[in-house]
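A.B. asks: How does the following fold in three dimensions:
(chains A and B)
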Amino acid sequence: GAGVSQSPSNKVTEKGKDVELRCDPISGHTALYWYRQSLGQGLEFLIYFQGNSAPDKSGLPSDRFSAERTGGSVSTLTIQRTQQEDSAVYLCASSAPGTGYKTQYFGPGTRLLVL
Amino acid sequence: AQKVTQAQTEISVVEKEDVTLDCVYETRDTTYYLFWYKQPPSGELVFLIRRNSFDEQNEISGRYSWNFQKSTSSFNFTITASQVVDSAVYFCALSVNAGKSTFGDGTTLTVKP
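C.D. replies: Below is the predicted model of the structure:
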């Protein structure tokens, strides 16, 4: 598969637990983005990685949220001490130098439900 | 700061009707990029088009066309002869650099047979 992949597809957790969401970008895409889509709403930017540069974390809603990108490829979004308002679809996207990083290609998302 | 407004929350049309989805944006940057994405019921966002701020030429791709007008800060999307398969949520987005995109809240289009 040549697209962005995310795992798990669905995650149900209890309030207060930590969760990790994984994103595998398209091969060769050096830019990676995380967004959150709450029910019936648009996408909310969370964090952006570009190569070895410091990530743009300006969209992270609280210090319970963090993300890493290891080896310039796979990324993990971690939510600590989950709250019910964290329930949403978490979308990952990647983009390539060939498009000037302008076009983002999205994965299928991880649907997180916090009980 | 950037802002994208899609004033139409929901639109319902009958198959073969033409439909226009509105998008109005705000930015102080002179270089920016505008996008449309389709999110079908399956949930995965599908890229439709990207325009840069220096290219106001309208674009047509099959039944889809886009009208970019800097004078009104609008980037509207028209589907001609709509089909049931066009039913989806459509998002307009704005990016001023290679980083984050700002999305509108989306327009849910329902095409009835």
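A.B. asks: Wondering if the helix or strand that contains B:F68 reaches chain A at all.
C.D. replies: Element membership of B:F68 [criterion: DSSP states H and E] is strand B:64-69. No: no part of strand B:64-69 sits near chain A under the criterion CB under 8 Å from any CB of the partner chain; the closest distance found is 14.9 Å. C-betas here are computed from N, CA, C, even on glycine.
A.B. asks: quick check: angle from the very next helix or strand once past that strand to strand B:64-69?
C.D. replies: Per DSSP H and E, the first helix or strand lying C-terminal to strand B:64-69 is strand B:74-79. Angle, strand B:74-79 to strand B:64-69, by axes from the mean of the first three to the mean of the last three CA atoms, to 10 degrees: 160 degrees.
A.B. asks: and strand B:74-79, what does it pack onto?
C.D. replies: The contact analysis (3 or more CB pairs under 8 Å, 6 or more residues apart in numbering or on different chains; DSSP states H and E) places strand B:74-79 against strand B:19-21, strand B:24-26, strand B:33-39, strand B:64-69, strand B:88-95.
A.B. asks: Dump the ones you listed to a markdown table, plus distance to A:F65, mean neighbour count and mean pLDDT.
C.D. replies: Shown next, in a markdown table, are the helices and strands packed on strand B:74-79 (distance: least, CB to CB, whole Å; neighbours: other CB atoms under 10 Å in any protein chain shown; pLDDT from 0 to 100):
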| stretch | distance to A:F65 | mean neighbour count | mean pLDDT |
| --- | --- | --- | --- |
| strand B:19-21 | 32 | 18 | 98 |
| strand B:24-26 | 27 | 16 | 97 |
| strand B:33-39 | 23 | 21 | 92 |
| strand B:64-69 | 34 | 16 | 94 |
| strand B:88-95 | 22 | 24 | 94 |
